[in-house]
Structures are given as C-alpha cells and as structure tokens.
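# Using only what follows, build the 3D model:
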Amino acid sequence: MIYLAYDGSLNGDWVARYAIRFAAHSAERTLSAVHVDEGRLAAEALDGKLEHLGRECRARGVEFLPEVVPLRRTVFRTLLEQVPAGEESFLVCGTRVRSRQQAYLSGTVAEKLLHFNPFHVLAIRVVQPGLLGCPRDFLLPLAGHPRLFRAAWPFFRLFLPDVEQVYLLRGMAVSHLRLRYLSPARLAALREGGARYLAEVEEEIRRGRGGAEFHLDSRIVVCDDWAHEILVHASRLRTRMVLLGASERALLHRLLRGNSLERVLRGAPCDVGIYRSP
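This next block holds a predicted model:
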C-alpha cells in the first residue's frame with residue numbers, strides 16, 4: 001500500500017502528485033496520507049488541502065484515506081507508528097525546502113526514515129512541479145551493488161507504464177591521484193568490468209519490465225567525483241528524475257563523503273528520488 005507523509009506545505013503538495021500516481025499504478029489503488037499535527041497549520045487550511053488531494057485521487061480512480069494524527073514525541077516516531085512495517089508498505093516523503101545555508105536531507109525526517117527504513121521509503125526533492133509526478137525520463141546512477149537492479153525494482157515499478165527513457169550510469173570511482181596516473185590498460189579494464197555489470201542490469205530490466213516499452217541506454221564513467229558526474233549527465237541528457245539508491249552501501253559512502261549527496265540534491269536540474277528498501 002502507498003503511504004504519503006504529508007506536511008501540508010506547497011512542497012508537500014508537489015510530492016503528493018508522485019504518491020497519487022504510484023497509488024494509481026498499485027494493485028490496491030489506495031493512498032493513505034498521514035499528516036502529523038504539529039500545530040503549524042490551521043485545521044481549516046489543512047482540511048481544504050486534503051479535500052483537494054482527495055479530488056485528485058478520485059480523478060485517477062484512487063481511494064483517498066487521509067489521517068491526521070497528533071504528534072507523539074517526534075514526527076519520525078509518529079510516522080513509524082502509523083505505517084506498517086514490511087515489504088508491502090511504501091512511504092513517499094519529501095526532502096525539506098531549505099535555505100542556502102541548510103541541507104536538503106541531513107537532519108530531516110526523510111533522512112531518519114531512509115536510515116531506519118522498516119518499510120520501503122522514497123524521499124523526493126521536487127525541482128519541476130509541472131511534471132505532476134510523472135518524470136518519464138530517468139537517470140539511474142549505479143555503484144556496482146551485487147544485487148544489480150533488484151533493490152530498485154520495487155520503486156521503479158511504481159513509475160511504469162509512464163517511463164519513456166532510462167539512462168543507466170555506472171560510476172567507476174577512483175581517487176583523484178589514481179585517476180591522474182591511470183594507465184590505458186587499467187582504464188580499459190575498469191570500463192570492461194563496468195560494461196559487464198551493465199549488461200547484467202539491462203538483461204534484468206528487460207526481463208522484468210513486462211509489457212512496458214521504453215528506451216534503455218547505458219553509460220560508464222571512470223571518475224574521481226561521482227556526484228559531479230551525476231549532475232553533468234542529468235543536465236546533458238536532460239533527464240527529468242535522478243533515481244538514487246541509498247541502499248547501495250558503496251554509493252551511499254561515496255555520496256556522503258564530502259557532503260556529496262547534498263550536492264546532488266542542491267545542484268540537480270531535475271527531480272531527485274532517493275530510495276531504500278527494508
């Protein structure tokens with residue numbers, strides 16, 4: 001079942017478009033919107049916003065189940081009590097809209113949910129609200145996790161059948177000094193290993209996409225700045241969403257080092273989704 005952590009903000013309305021679309025693609029066709037009442041939004045304003053979301057759900061044939069719950073200790077703990085743990089639950093939340101001096105993810109409820117993740121979690125930063133939760137063109141950075149694409153499947157399926165283009169980006173990250181003195185033979189070996197990995201991922205996607213038809217493209221980059229390459233490719237390819245797996249420990253480690261994850265969230269020209277499975 002699809003759950004939405006809804007804070008009642010404009011950014012929350014943008015994130016809700018994703019949750020509504022996911023619910024429309026799910027077997028239950030039901031969206032449960034959980035609003036933790038911190039006293040920041042007047043009841044009348046919240047009721048109006050929930051009614052509007054309800055109309056959008058009904059227009060897509062989705063049953064809307066709004067829940068307004070009192071704050072118990074923290075928003076994070078309250079959400080954990082409201083959303084059932086396990087593989088059947090998907091929680092969609094937003095990253096905070098912050099000033100230039102503050103982080104988009106660090107220290108937020110979304111970050112805690114991604115790290116604790118007793119259920120599927122997708123944290124979204126919306127850059128292009130006009131997409132209405134339907135990005136269609138994706139950049140999927142891959143760090144070489146042995147599970148290949150299996151960690152991404154539960155989330156990627158939620159976007160089907162609206163996907164049109166998928167770019168797989170295999171990042172072969174090395175240190176700046178090593179990159180500078182990398183021999184042609186070693187560079188070729190790294191790219192060959194990346195190509196083998198991508199071939200397996202492509203085959204897995206083709207087997208699992210069912211009747212969905214979309215363009216699939218793979219790219220390999222050997223680099224010393226993984227976050228920079230993600231931003232460059234997102235801009236060059238004009239993708240509308242970067243879908244990033246926080247469950248890939250190698251990727252998460254590289255992104256967190258030097259606050260690179262925040263660089264991707266701040267600098268991406270498109271929406272960014274960060275996912276993690278239980």
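# so where do the strands sit in the stretch 51-200 of the chain?
Secondary structure of the stretch 51-200 of the chain (DSSP state E, counting those that start in this stretch): strands at 63-70, 86-94, 119-125, 137-142, 165-173.
# Point out the most buried one among the ones you listed.
Mean neighbour count, computed with mean count of other CB atoms under 10 Å, is highest for strand 119-125 among the strands of the stretch 51-200 of the chain, reaching a mean of 25. Any C-beta I mention is one placed from the backbone N, CA and C, and that applies to glycine too.
# hmm, who's touching that one?
Around strand 119-125, the neighbours that count as contacts under CB atoms under 8 Å, 6 or more residues apart in numbering are 3, 15, 18, 83-87, 89-95, 104-105, 110-111, 113-114, 154-155, 158, 265, 268, 271-278.
# Apply 6 Å and report the result again.
15, 18, 83, 85, 89-95, 104, 110, 113-114, 154-155, 265, 272-278 (CB atoms under 6 Å, 6 or more residues apart in numbering).
# quick revisit: format the strands of the stretch 51-200 of the chain as a markdown table; extra columns: mean pLDDT and distance to Val34.
Shown next, in a markdown table, are those (pLDDT from 0 to 100; distance: least, CB to CB, whole Å):
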| stretch | mean pLDDT | distance to Val34 |
| --- | --- | --- |
| strand 63-70 | 96 | 5 |
| strand 86-94 | 95 | 8 |
| strand 119-125 | 95 | 12 |
| strand 137-142 | 94 | 27 |
| strand 165-173 | 92 | 31 |
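# Make TSV out of those strands and add distance to Phe76.
TSV is the format used below for these (distance: least, CB to CB, whole Å):
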stretch	distance to Phe76
strand 63-70	13
strand 86-94	10
strand 119-125	11
strand 137-142	27
strand 165-173	31
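# Out of the ones you listed, the one nearest Ile230 is which?
Closest to Ile230 of these, according to CB to CB: strand 137-142, at 5.2 Å.
# What helices and strands are in contact with the closest one?
strand 165-173, helix 226-237, strand 241-245 (3 or more CB pairs under 6 Å, 6 or more residues apart in numbering; DSSP states H and E).
# For Lys49, find the nearest of those.
Comparing these by CB to CB, strand 241-245 comes nearest, at 24.4 Å.
# How many residues are close by the residue nearest to Val121 when sequence neighbours are not counted?
Leaving aside its sequence neighbours, Val121 sits nearest to Leu113 (CB to CB, 6 or more residues apart in numbering; 4.8 Å). Counted with other CB atoms under 10 Å, residues neighbouring Leu113 total 23.
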